[in-house]
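> when you get a sec, could you give me coordinates for this:
(chains A and B)
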Amino acid sequence: MLSVFKYCLFDLLRSRWSIVYTLFYLLSSASLLYFSNSATNAVASLMNIVLFITPLVSLLLGVIYFYQNRDFAELLLAQPIRRSQYFYGNYFGLSLSLVINLLVGFGLPMLFIGNGLQILQELSIVLLAGVMLTLIFSALALLITLRNENRVLGFGYAIVVWLFFAVIYDGLFLILLLWFNDYPLEKFAMIGTVLNPMDLSRVMILLKLDLSALMGFTGASFRQFFGSTAGFFVSLSSALIWITLPLYLLIRKGNTKDF
Amino acid sequence: MVIHVENIQKSFGKQEVLKGIDLDFFEGQIYSILGPNGSGKTTFMKSILGLVKPNNGKIMVGGSDGMKDHEYRSNIGYVPQIARFPENLKVNEVIDLVTSIRKQPSFPQEFVELFQIESFLNQRLKNLSGGTRQKVNLVLALMFKSDILILDEPTTGLDPINTIRLKELLLQLKSEGKTIIVTTHILHLAEELSDDIIFLLEGHVKYHGSTDRLLKLSHTKNLEEAIAAILQGEIDSEEETPVVNIYNRKKNA
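Okay, the predicted model is just below:
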């Protein structure tokens, strides 16, 4: 696994995509932190960038990379290597390279510019959310490519998955909240949030930013729940399930797939 | 016997590609797998390598179960049909990568010299021509000096000089006791190289035996005409029983 992992990691780190992705984060976070009037605003804007861009880039870059290496996979899988080892190597190579891009692009401005702004803790949570989303959506990207030989279809699914978590899920969620407005919805709202990794990250960051007051009663109950030890473990388990479930499915698919 | 294949069946959806194939491969022999496009040649070779998972049947390679194990592949060198590599990698790096995955000593130098690709070792694979990539593909398969070689259209993109070099090399490896399985569309190459011809048609072994025997059965002068005779149904494998393993002599030996 280690050789496949190392090769994927270095192959990706020196690719043009990876450099562009790092530069994008470097520029956006440095300028937001440097020019923004209020530190909270800067963190909130950065949060939105990280929440939308990280999953999208993980999915698209993952799908492009795995489709590009489809024929090479055939050569490597004909070597004495377990299929699971090959796929783990690919997954960790991709996700770690994206995490490194994020750490450099987002972490460096955070340390140098954000340090004086006393918001290092909040920024760290945004960074952590970015890392978590990268781990989740890289696994989904690999799963999509394994399940779809047709590249156009694979790209389509990647975009649909991103749209679902970023837009459609929230839309459906809001419609349901409006429909059942007369009922107590705190528990439902919490379950709905925990199930979508992008929403979960957003709520965790907003709670840290003391913006939960804006969310009214729901905000208060969110604060109570996610602030508690139980809430912390529920969120952590949700994130872990979101990483391990696609990984499990992709290893299962990878073991039976014909190359 | 090095490879034993028993009743291999494989379907992709509704399409049955291999319909029960039984074959044995022995040491020091070159086998050419021939057949029209879509006859199941590549699927059969990939089944031996574990790249394609058969629905049914048994594959034994050097005593290991090819359907369960993966270590047996350390004894196989494989040239895939399409030579495509990650674009950013250099030739040297891809050689190192495969060596590190295989955890076996590799001897790329002599094959790099044979195919004269020394000057490309530090170039990225995306800058290489199709023929040069095919040479890299060959070096990757040959450099471990494996006992079994599986070559899927190895001459694709090679110029005549390198095709001759490859042919001579394969004959030399055969004399060293290697088992070599080749698919090719170049019939004269198959004729010159092979001890045995395996002709696949619609997922069945239509003929299995020596070239001479095929020529005798089909009353033709060369392999091209003999293949045409098989395709026109002039040789009925079931009646003439050429499919029946003619290796009894080897098995008994």
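
> keeping just the C-alphas, turn stretch B:119-136 into PDB.
Output in PDB follows, covering the C-alpha atoms of stretch B:119-136 (Å, rounded to 0.1, in the frame of the first residue of the first chain):
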ATOM      1  CA  SER B 119      17.800   8.200 -23.700                       C
ATOM      2  CA  PHE B 120      14.200   8.200 -22.600                       C
ATOM      3  CA  LEU B 121      14.700   7.100 -19.000                       C
ATOM      4  CA  ASN B 122      14.500  10.600 -17.600                       C
ATOM      5  CA  GLN B 123      11.600  11.800 -19.800                       C
ATOM      6  CA  ARG B 124       8.000  12.000 -18.800                       C
ATOM      7  CA  LEU B 125       5.800   9.300 -20.300                       C
ATOM      8  CA  LYS B 126       3.400  11.800 -21.800                       C
ATOM      9  CA  ASN B 127       6.200  13.000 -24.100                       C
ATOM     10  CA  LEU B 128       6.900   9.600 -25.500                       C
ATOM     11  CA  SER B 129       5.700   8.100 -28.800                       C
ATOM     12  CA  GLY B 130       3.300   5.100 -28.700                       C
ATOM     13  CA  GLY B 131       6.100   2.800 -29.800                       C
ATOM     14  CA  THR B 132       8.400   3.900 -27.000                       C
ATOM     15  CA  ARG B 133       5.700   3.500 -24.500                       C
ATOM     16  CA  GLN B 134       5.100   0.000 -25.700                       C
ATOM     17  CA  LYS B 135       8.800  -0.700 -25.200                       C
ATOM     18  CA  VAL B 136       8.500   0.600 -21.600                       C
END
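
> that stretch vs chain A: in contact?
No. Stretch B:119-136 is not in contact with chain A by CB under 8 Å from any CB of the partner chain; minimum separation 9.6 Å. C-betas here are computed from N, CA, C, even on glycine.

> list the contacts of residue B:121.
Residues in contact with residue B:121, defined by CB atoms under 8 Å, 6 or more residues apart in numbering or on different chains, are B:90-92, B:112.

> what values do phi and psi take at residue B:148?
phi -120, psi 130 (degrees, to the nearest 10).

> per-residue pLDDT, it?
Looking at residue B:148, its pLDDT stands at 94.

> thinking again about what came up before, any of the contacts of residue B:121 buried? List them.
Among these, those classed as buried by 16 or more other CB atoms under 10 Å in any protein chain shown are B:90-91, B:112.

> so which bits of chain B are right by chain A?
So chain B meets chain A at B:12, B:46, B:49-53, B:70-74, B:76, B:78, B:80, B:82, B:84-89, B:93, B:97-98, B:100-103, B:137, B:140 (CB under 8 Å from any CB).

> restricted to helices, list those.
Among the residues of chain B next to chain A, DSSP state H puts B:46, B:49, B:93, B:97-98, B:100-102, B:137, B:140 in helices.

> these: which two are farthest apart?
B:46 and B:93 (25.6 Å; CB to CB).

> those two: which has the busier surroundings?
Of the pair residue B:46 and residue B:93, residue B:46 is the one with more neighbours under other CB atoms under 10 Å in any protein chain shown, namely 24 against 19.

> least trustworthy helix or strand in chain A by mean pLDDT?
helix A:216-227 (a mean of 72; mean pLDDT, DSSP states H and E).

> one more: chain B?
Across the helices and strands of chain B, mean pLDDT, DSSP H and E gives its lowest value to helix B:248-252, namely a mean of 41.

> for the stretch 51-200 of chain A, just list every one of the helices.
A:70-77, A:83-102, A:108-112, A:120-147, A:151-163, A:169-179, A:186-195, A:197-208 (DSSP state H, counting those that start in this stretch).

> for chain B, what's the longest helix?
Max-length helix for chain B by DSSP H is helix B:160-175.

> tell me who's in contact with residue A:75.
B:78, B:80, B:98, B:137, B:140.

> the residue nearest to the third one when sequence neighbours are not counted: how many residues sit nearby?
Right, the one you point to is residue B:98. Once flanking residues are discounted, residue B:98 sits nearest to residue B:140: 5.3 Å by CB to CB, 6 or more residues apart in numbering or on different chains. By other CB under 10 Å, 28 other residues sit near residue B:140.

> before we move on, what about residue A:230?
Using other CB under 10 Å, residue A:230 has 10 neighbouring residues.

> ok, now which ones touch the residue of the stretch 101-250 of chain B found nearest chain A?
Chain A sits closest to residue B:101 of the stretch 101-250 of chain B, with a gap of 4.9 Å, by CB to the nearest CB. Listed by CB under 8 Å, 6+ apart, the contact partners of residue B:101 are A:3-4, A:76, A:79-81.

> in stretch B:26-39, what counts as buried?
B:26, B:29-35, B:39.

> quick check: residue B:197 is in a strand.
Yes. Counting by DSSP: H, G, I helix; E, B strand; the rest coil, residue B:197 is found in a strand.

> and for it, the neighbour number?
A count of neighbours around residue B:197, defined by other CB under 10 Å, yields 25.

> got the confidence number for residue B:70?
86.

> oh sorry, the question was meant for residue B:64
87.

> chain neighbours aside, what residue packs nearest to residue 28?
Chain wasn't specified; assuming chain A. Counting by CB to CB, 6+ apart, the residue nearest residue A:28 is residue A:49, at 5.7 Å.

> not quite, go with chain B.
Using CB to CB, 6+ apart, the nearest residue to residue B:28 is residue B:177, at 4.6 Å.
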